[in-house]
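Visitor: Generate coordinates for the sequence data below:
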Amino acid sequence: MTNIERQILLNQIAILETLIPLAKSGADSTRELLRQRYRETARLVREQTKG
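Guide: Numbers count the residues shown, from 1 in each chain. So this is what the prediction gives:
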């Protein structure tokens with residue numbers, strides 16, 4: 001993963017952290033979809049950082 005790709009993912013995490021509290025809650029809600037994307041993105045960054 002290049003530095004630029006990593007920075008894009010970190011920016012995506014920051015955006016998701018901002019949006020999650022604003023989203024509607026409940027099963028299959030926007031909030032849950034954002035949380036899922038957040039976890040996937042964070043996992044990808046962690047895996048690539050271990051390298």
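
Visitor: where do the helices sit along this protein?
Guide: 3-19, 30-50 (DSSP state H).

Visitor: Quick one: residues in contact with the shortest one.
Guide: It refers to helix 3-19. Leu34, Arg37, Tyr38, Thr41, Ala42, Leu44, Val45, Gln48, Thr49 (CB atoms under 8 Å, 6 or more residues apart in numbering). Yep, even glycine has a C-beta here, placed from its N, CA and C like the rest.

Visitor: separation between the last one and Leu10?
Guide: Just to be clear, that refers to Thr49. According to CB to CB, to the nearest Å, Thr49 and Leu10 sit 10 Å apart.

Visitor: Lys24 now?
Guide: For Lys24, the distance to Leu10 equals 26 Å [CB to CB].

Visitor: Compare these two and say which is more crowded by neighbours.
Guide: Each of Lys24 and Leu10 has its neighbours counted (other CB atoms under 10 Å); Leu10 has more, 13 against 8.

Visitor: With mean pLDDT as added columns, please give the helices of the chain in CSV.
Guide: Below are these laid out as CSV (pLDDT from 0 to 100):
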stretch, mean pLDDT
helix 3-19, 93
helix 30-50, 90
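
Visitor: Which residue lies nearest the spatial centre of the protein?
Guide: Closest residue to the average C-alpha location of the chain: Tyr38 at 2.5 Å, with CA atoms, centre = their mean.

Visitor: got the contact list for that residue?
Guide: Contact analysis of Tyr38 by CB under 8 Å, 6+ apart lists Ile13, Leu16, Glu17, Ile20.

Visitor: can you redo those residues as CSV with distance to Asp28 and neighbour count?
Guide: Formatted as CSV, the contacts of Tyr38 follow (distance: CB to CB, whole Å; neighbours: other CB atoms under 10 Å):
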residue, distance to Asp28, neighbour count
Ile13, 22, 16
Leu16, 17, 18
Glu17, 21, 11
Ile20, 15, 17
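
Visitor: Using CSV, lay out those residues together with distance to Thr30.
Guide: Below are the contacts of Tyr38 laid out as CSV (distance: CB to CB, whole Å):
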residue, distance to Thr30
Ile13, 17
Leu16, 11
Glu17, 15
Ile20, 9
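
Visitor: Much appreciated, bye for now.
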